[in-house]
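# below is the sequence, then the predicted model.
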Amino acid sequence: MSVLSPLAFLAPARLRAAWQHHPEGCLLALAAVLLGLCLARPTVPVHEDLVHALLVIDVTQSMNVRDGRWGKDAVSRGEQARLGAADILRTVPCGSRIGLGIFNEYRTLVLLAPLEVCANFRELQATLDSIGNRMSWAGASEIAKGLNSGLQALTALPDKPALVMFTDGHEAPPISLAHRPKINARPGEFGGLLVGTGSLRPQSIPKLDPEGTPIGYWKADEVAQVDIYSQGRESSVAGEKYAEDPNDPASKPAAPAPKPAGTEHLSALHEAYLQQLAIETGLGYLRLEGPGQLLPALHGNHASTSTRIAGDARWLLAGLALLALVACHVRWGLPAAWRAQAGRLAARAPASLRRTARP
């Protein structure tokens with residue numbers, strides 16, 4: 001201890017002398033050391049609510065109706081869905097994993113399995129920008145079956161992400177809710193959201209050519225106006241059960257039809273239908289209107305988990321370096337009495353260090 005004690009006192013003494021004679025140099029040296037430490041990319045443990053979800057966008061023809069809203073702007077339902085998905089990509093914290101998929105006909109197709117957002121942001125954004133009606137391969141839009149397909153896709157993905165499905169809920173051809181496909185999920189089994197797009201007022205559906213160019217609107221005599229199967233439509237999947245199955249104790253009375261017969265060439269947001277599907281699956285429901293809505297809704301519907309991660313500490317070191325540089329310039333503009341008091345405080349600090357270091 002006798003050998004180490006002089007060394008322990010030497011450094012504070014030199015620092016005191018350096019501070020008394022060259023305080024601005026000490027502050028500059030401190031700033032340089034702090035900035036140098038930033039190059040090592042130090043981390044600090046922090047808790048973040050990380051989102052793990054598959055975002056599925058409806059690309060059926062009714063999503064081309066321009067009755068969506070994004071803030072004050074009028075957009076198509078498809079664009080509204082893409083803007084909502086992009087808002088998620090921009091606002092979720094690093095470490096979150098987001099995947100992308102599309103819904104058409106009666107199937108959900110996964111385009112990208114969930115990837116870490118910050119490291120793969122460009123790829124995720126580029127894929128999202130490419131999603132549109134030109135990806136549609138059929139004219140049907142069987143929402144309940146697409147929801148079943150999406151939930152089934154989740155079970156094949158690592159760690160079973162949450163499902164976030166952007167859709168207007170338009171079933172085409174129309175289906176009686178008494179004969180709709182049975183949802184293959186128990187409430188609470190999956191997390192996520194059904195996100196409604198569009199307005200509640202029926203609108204004409206644009207008709208597009210294979211290149212995506214508008215060529216008019218669908219007319220009443222060009223689309224099926226009623227469910228053509230008196231006992232429900234034919235199954236698209238072998239062994240698929242329907243809601244009216246008399247042997248199923250979970251069957252419930254039929255809910256009202258989403259819209260009156262004879263208007264299937266028009267489309268609106270079928271909010272009551274999506275809310276019913278959300279209840280049956282245990283998912284949340286949200287009508288999308290603008291930025292800032294989705295992240296809180298994901299946190300509230302089991303699409304995120306609180307996780308301890310290594311946070312970036314460089315901002316803290318850089319902030320301290322900035323304070324040192326500001327102090328270096330501001331100190332000499334203070335009144336003489338203040339500078340004298342600061343000098344006396346600095347002179348007493350090393351003495352206290354010597355007392356605490358003494359054995």
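On my side now, so go ahead.
# please parse the chain into its domains.
Following automatic domain parsing, the chain resolves into domains at 45-310, 314-359.
# identify, out of those domains, the most deeply packed stretch.
For those, average neighbour numbers computed from mean count of other C-beta atoms under 10 Å are highest in domain 45-310, which has a mean of 18. In short, each C-beta sits where N, CA and C put it, glycine included.
# quick one: distance of the lengthiest strand in the chain to the chain centre.
Secondary structure of the chain read by DSSP state E shows that its longest strand is strand 43-58. Averaging C-alpha coordinates over strand 43-58 and over its chain gives two centres that are 7 Å apart (C-alpha atoms, centre = their mean, to the nearest Å).
# the stretch 201-350 of the chain: helices as residue ranges?
271-281, 294-299, 314-330, 336-357 (DSSP state H, counting those that start in this stretch).
# worst average pLDDT in those?
Comparing mean pLDDT across the helices of the stretch 201-350 of the chain, the weakest is helix 336-357, with a mean of 53.
# which residue ranges of the chain form strands?
43-58, 68-70, 73-75, 97-104, 107-116, 162-167, 192-196, 203-204, 206-208, 214-217, 266-267, 284-287, 304-312.
# got those as TSV, with distance to residue 23 and mean pLDDT columns?
Output for the strands of the chain, formatted as TSV (distance: least, C-beta to C-beta, whole Å; pLDDT from 0 to 100):
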stretch	distance to residue 23	mean pLDDT
strand 43-58	29	86
strand 68-70	54	92
strand 73-75	55	92
strand 97-104	49	96
strand 107-116	46	95
strand 162-167	55	97
strand 192-196	57	96
strand 203-204	71	92
strand 206-208	72	85
strand 214-217	72	84
strand 266-267	72	91
strand 284-287	57	96
strand 304-312	31	69
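# tell me which of the ones you listed lies nearest to residue 138.
Checking the strands of the chain against residue 138 by C-beta to C-beta gives strand 97-104 as the closest, at 6.3 Å.
# run through the neighbouring helices and strands of the closest one.
With contacts defined as 3 or more C-beta pairs under 8 Å, 6 or more residues apart in numbering; DSSP states H and E, strand 97-104 has these neighbours: strand 43-58, helix 77-91, strand 107-116, helix 121-130, helix 143-155.
# at 10 Å what do you get?
Secondary-structure packing of strand 97-104 (3 or more C-beta pairs under 10 Å, 6 or more residues apart in numbering; DSSP states H and E): strand 43-58, helix 77-91, strand 107-116, helix 121-130, helix 143-155, strand 162-167.
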